[in-house]
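S.K.: sequence? don't have it. structure:
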């Protein structure tokens, strides 16, 4: 079994990896690692592409095969089925392209900015109305302040007039009191004088001037008071008119603002719904494109695998049916498989170098012992010792090679188990040379596709 160990030792790793074929049209019996061994063995050994007929008897000889493989499906049937699948895929792609074109047209309609412009104009009008409302309120406040100022001016004018009148009356009272005092004094001094001799008491010059000034001020204050009262009345009337107009304007502006806000809310809701619809359409288009690219990649890998399988010997082509290759192509859509194989290839190379170094060290030690023995003089004892050392070297080398082969066998078993757990079709633990050879070819396919994928990746 180990005569070809240098060919099929390729690394496999990752103990728990879900198969990327789950949920696709290529999902067969690869749903869990527990069933991979039986399902993969069925794919390789008991597919519909060949039968096993076993003959019992002793007359066939030790080297004669006891199994005959008969084709159960013709190449024409397989080609016909592939053509039907290709037609189905083309129809699906045509339908997807039609849907994508329709969604693109819908997206163009949704991207139209007419409604957005209308919404912006409406919001600008609302801002203008709100500014007008603020201006009218400021005008109303200014009107109230003007009215208050005029009322204060009228009250001040009235107060000054009252003060002037009071000062004039006090002056007149003072004059009357002085005249009375003067008349009384004259009456007491001149008891003998007659009534014809009495002279009237005249005002003093400064009193006359003060009385004239007070009367003039009183006249001016009266006129000012009349004018202030008239202005106050006009201001009250104008303020009442302005207040009425402002209340009516405010109610109208508030109504228009309320209607505008409702319309803006409706427009925003509509734009939000259209934006969400546009995002859903874009996401769906991206999903469609991704699915289309994935489908194209799948069929490209399947085509490459079928092309590589046709170059194999017939006995191995029969062990690689369409179901196995399609399952492998679907599994390789997950690029982690390529990374696993690449990483484990490096691990295997390191292991092989270590084993080779161990064997070289053993051979070097044997050579040193032989050279040391050759330096001794020839004698019957030395010849016997030489034969014994050669026998020991052969036995030790044989044991070392057996140990090396066992380690390589264990490495191959670990690779098979890891591939099986990774969900790669066609891999399971086996010691059958033909099955191992099939797995070697499958690994070779994976490595080639991995290099092509790496080369085509930008």
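M.R.: Received the coordinates, thanks. Fair warning: this is a prediction, and the values are worked out from it, not measured in the lab. Numbering: from 1, shown residues only.
S.K.: contacting residues for residue 228?
M.R.: 150, 153, 154, 157, 158 (CB atoms under 8 Å, 6 or more residues apart in numbering). To be clear about C-beta, it is placed using only N, CA and C from the backbone, and glycine gets the same treatment.
S.K.: need the contact list for the last one.
M.R.: Shown here is residue 158, whose contacts under the criterion CB under 8 Å, 6+ apart are 225, 228.
S.K.: for the host helix or strand of it, what does the pLDDT average out to?
M.R.: Taking DSSP states H and E as the criterion, residue 158 maps to helix 114-189. Average pLDDT, helix 114-189: 75.
S.K.: got the angle for the next helix or strand after it vs helix 114-189?
M.R.: For helix 114-189, the succeeding helix or strand toward the C-terminus, using DSSP H and E, is helix 205-310. Angle of helix 205-310 versus helix 114-189, following axes from the mean of the first three to the mean of the last three CA atoms, to 10 degrees, is 170 degrees.
S.K.: elements contacting the next helix or strand after helix 205-310?
M.R.: Sequence order places helix 314-317 as the next helix or strand after helix 205-310, per DSSP H and E. Here helix 314-317 is seen to pack against helix 433-456 when contacts are counted using 3 or more CB pairs under 8 Å, 6 or more residues apart in numbering; DSSP states H and E.
S.K.: contacts for the helix it packs on?
M.R.: With contacts defined as CB under 8 Å, 6+ apart, helix 433-456 is touched by 1, 4, 7-8, 10, 44, 301, 304-305, 308-309, 312, 315-316, 319-320, 328, 332, 335, 337-338, 341-342, 412, 416, 419, 424, 426-427, 430.
S.K.: okay, the angle between that helix and helix 205-310?
M.R.: On the basis of the same axes, to 10 degrees, helix 433-456 is oriented at 140 degrees to helix 205-310.
S.K.: buried set for helix 433-456?
M.R.: Within helix 433-456, the residues scored as buried using 16 or more other CB atoms under 10 Å are 435-443, 445-446, 449-450.
S.K.: turn the residues you listed into a markdown table, columns for distance to residue 240 and pLDDT.
M.R.: Formatted as a markdown table, those follow (distance: CB to CB, whole Å; pLDDT from 0 to 100):
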| residue | distance to residue 240 | pLDDT |
| --- | --- | --- |
| 435 | 108 | 90 |
| 436 | 109 | 89 |
| 437 | 110 | 91 |
| 438 | 106 | 91 |
| 439 | 103 | 88 |
| 440 | 106 | 88 |
| 441 | 104 | 91 |
| 442 | 100 | 91 |
| 443 | 100 | 88 |
| 445 | 98 | 90 |
| 446 | 95 | 90 |
| 449 | 93 | 88 |
| 450 | 92 | 85 |
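S.K.: now render those as CSV, adding distance to residue 212.
M.R.: Shown next, in CSV, are the buried residues of helix 433-456 (distance: CB to CB, whole Å):
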residue, distance to residue 212
435, 143
436, 143
437, 144
438, 140
439, 138
440, 139
441, 138
442, 134
443, 134
445, 132
446, 129
449, 126
450, 125
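S.K.: nearest to residue 390, of the residues you listed?
M.R.: Of all the buried residues of helix 433-456, residue 436 has the smallest distance to residue 390: 35.2 Å, by CB to CB.
S.K.: which two of the buried residues of helix 433-456 have the greatest separation?
M.R.: Farthest pair in the buried residues of helix 433-456 (CB to CB) is 435 and 450. Separation: 22.5 Å.
S.K.: contacting residues for residue 132?
M.R.: Residues near residue 132 by CB under 8 Å, 6+ apart: 249, 253.
S.K.: gap between it and residue 380?
M.R.: 131 Å (CB to CB, to the nearest Å).
S.K.: which SS class is residue 426?
M.R.: Taken by DSSP: H, G, I helix; E, B strand; the rest coil, the conformation at residue 426 corresponds to coil.
S.K.: excluding chain neighbours, what is closest to it?
M.R.: Distances taken as CB to CB, 6 or more residues apart in numbering place residue 442 nearest to residue 426, at 5.1 Å, with adjacent residues excluded.
S.K.: can I see the domain layout of this protein?
M.R.: Under automatic domain parsing, the residue ranges defining each domain of the chain are 2-109+290-351+410-456, 114-189+199-287.
S.K.: worst mean pLDDT among the ones you listed?
M.R.: Looking across the domains of the chain, the weakest by mean pLDDT turns out to be domain 2-109+290-351+410-456, at a mean of 67.
S.K.: could you report the neighbour count for residue 145?
M.R.: 10 (other CB atoms under 10 Å).
S.K.: no wait, residue 391
M.R.: Count around residue 391 with other CB under 10 Å applied: 10.
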